[in-house]
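Undergrad: fold the following, please.
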Amino acid sequence: METRRRDKETRRQGDKETRQGDKTWRQGDETRRQDMETRRQDMETRHGDKETRQGDKETRRQDKETRHGDKETRQGDKTWRQGDKTRRQDKETRQGDKETRQGDKETRRQDKETRHGDKETRQGDKTWSRI
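TA: Modelled structure (predicted):
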């Protein structure tokens, strides 16, 4: 009877230890699952950091392009202003040319009057010599 009781207790004790072991095993599973989840999150975080850095790099590139575009715009404005200056100079040149032509016209008129006067003088000389 004693033996049976001991066997029963031993079995019960063994069952209890087995159950305790199972509990420990399950806790180990849970720990491993948590560790795996933590590693996965760490990897995602690192990947996210990489994407952030990549985004920052892209932003800097776009900023550089924007600044370059601004430079081209300013360069265009400069060219435009130079064009204004050139057009103004062209206009002044044309105005000068017009004045020169006007002066040439006046000079030709005066030359014509002088020649006409010379003709009258020669005509007078001719008349004078007949007398």
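Undergrad: can you give me the helices for the protein?
TA: Under the criterion DSSP state H, the chain carries helices at the ranges 2-130.
Undergrad: low-confidence ranges in it?
TA: 1, 122, 124-125, 128, 130-131 (pLDDT under 70).
Undergrad: dump the residue contacts of the residue positioned nearest the centre of it.
TA: In the chain, the centroid-proximal residue (C-alpha atoms, centre = their mean) is Thr66; its distance is 2.1 Å. Shown in contact with Thr66 (C-beta atoms under 8 Å, 6 or more residues apart in numbering): no residues. The way it works is simple: take the backbone N, C-alpha and C, and place the C-beta from them, glycine included.
Undergrad: how near is it to Thr59?
TA: 10 Å (C-beta to C-beta, to the nearest Å).
Undergrad: could you do Gln20 as well?
TA: Applying C-beta to C-beta to Gln20 and Thr59 gives a distance of 57 Å.
Undergrad: again, but for Trp25
TA: From Trp25 across to Thr59, the span is 50 Å (C-beta to C-beta).
Undergrad: send the alpha carbons of stretch 19-30 over as PDB?
TA: C-alpha atoms of stretch 19-30 as PDB (Å, rounded to 0.1, in the frame of the first residue of the first chain):
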ATOM      1  CA  ARG A  19       3.500  20.800 -15.900                       C
ATOM      2  CA  GLN A  20       6.000  23.200 -14.300                       C
ATOM      3  CA  GLY A  21       8.400  22.400 -17.200                       C
ATOM      4  CA  ASP A  22       5.700  23.000 -19.700                       C
ATOM      5  CA  LYS A  23       4.900  26.400 -18.200                       C
ATOM      6  CA  THR A  24       8.600  27.300 -18.300                       C
ATOM      7  CA  TRP A  25       8.700  26.100 -21.900                       C
ATOM      8  CA  ARG A  26       5.700  28.200 -22.800                       C
ATOM      9  CA  GLN A  27       7.300  31.200 -21.100                       C
ATOM     10  CA  GLY A  28      10.500  30.500 -23.200                       C
ATOM     11  CA  ASP A  29       8.300  30.500 -26.300                       C
ATOM     12  CA  GLU A  30       6.800  33.800 -25.300                       C
END
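Undergrad: cheers, nothing more for now.
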